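Undergrad: this one's sequence-less:
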């Protein structure tokens with residue numbers, strides 16, 4: 001994970017980076033389990049999918065929206081959003097079942113690892129350099145709305 005530019009000191013980026021660490025731990029767990037323990041693989045995949053769904057929402061509604069307001073990032077964001085679509089169509093669409101296709105799972109994990117590396121080494125440092133304190137505050141509000149939605153507390157999300 002990024003430790004060279006101080007981007008993790010920015011609240012929302014630090015949280016997203018923490019998500020990445022947790023997701024990478026789950027990726028490692030799935031890699032250990034795959035081919036050995038179908039139930040363990042399915043359980044780890046299910047947990048990864050749940051956490052990844054939330055993480056993608058937070059990025060898309062938080063820093064992606066804020067970065068989209070900056071000039072020159074359209075193609076870059078389109079690329080990252082394409083990765084998110086690919087994850088939804090691939091890794092997130094796999095059913096946690098006993099007949100999991102190892103090739104599909106491993107392919108999805110490899111795509112996720114590459115995407116996380118790109119965000120850690122490129123996106124997060126760029127956000128730290130480009131986005132204002134106000135943009136990070138807006139991203140924080142988006143994260144809070146998502147958390148409220150997840151907890152079923154819609155009233156908190158609208159205040």
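TA: Good, I have the coordinates. Predicted model, so just to flag it, every value in this text is computed and none were measured.

Undergrad: hey, where'd the helices end up in the protein?
TA: 11-33, 38-59, 65-68, 74-89, 102-118, 124-130, 133-151, 154-158 (DSSP state H).

Undergrad: could I get these as CSV with distance to residue 95?
TA: C-betas here are computed from N, CA, C, even on glycine. Shown next, in CSV, are these (distance: least, CB to CB, whole Å):
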stretch, distance to residue 95
helix 11-33, 15
helix 38-59, 9
helix 65-68, 31
helix 74-89, 14
helix 102-118, 11
helix 124-130, 32
helix 133-151, 22
helix 154-158, 29
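
Undergrad: could I get the ones you listed as TSV with mean pLDDT and mean neighbour count?
TA: TSV is the format used below for those (pLDDT from 0 to 100; neighbours: other CB atoms under 10 Å):
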stretch	mean pLDDT	mean neighbour count
helix 11-33	93	18
helix 38-59	93	18
helix 65-68	96	18
helix 74-89	94	14
helix 102-118	93	16
helix 124-130	89	18
helix 133-151	93	16
helix 154-158	51	11
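
Undergrad: excluding chain neighbours, give the residue nearest to residue 123 in space.
TA: Excluding the flanking residues, the one nearest residue 123 by CB to CB, 6 or more residues apart in numbering is residue 80, at 6.7 Å.

Undergrad: what sits against the one you found?
TA: 59, 64, 115, 118, 119, 123 (CB atoms under 8 Å, 6 or more residues apart in numbering).

Undergrad: these two touch, right, residue 22 and residue 51?
TA: Yes: using CB atoms under 8 Å, residue 22 is in contact with residue 51, at 6.3 Å.
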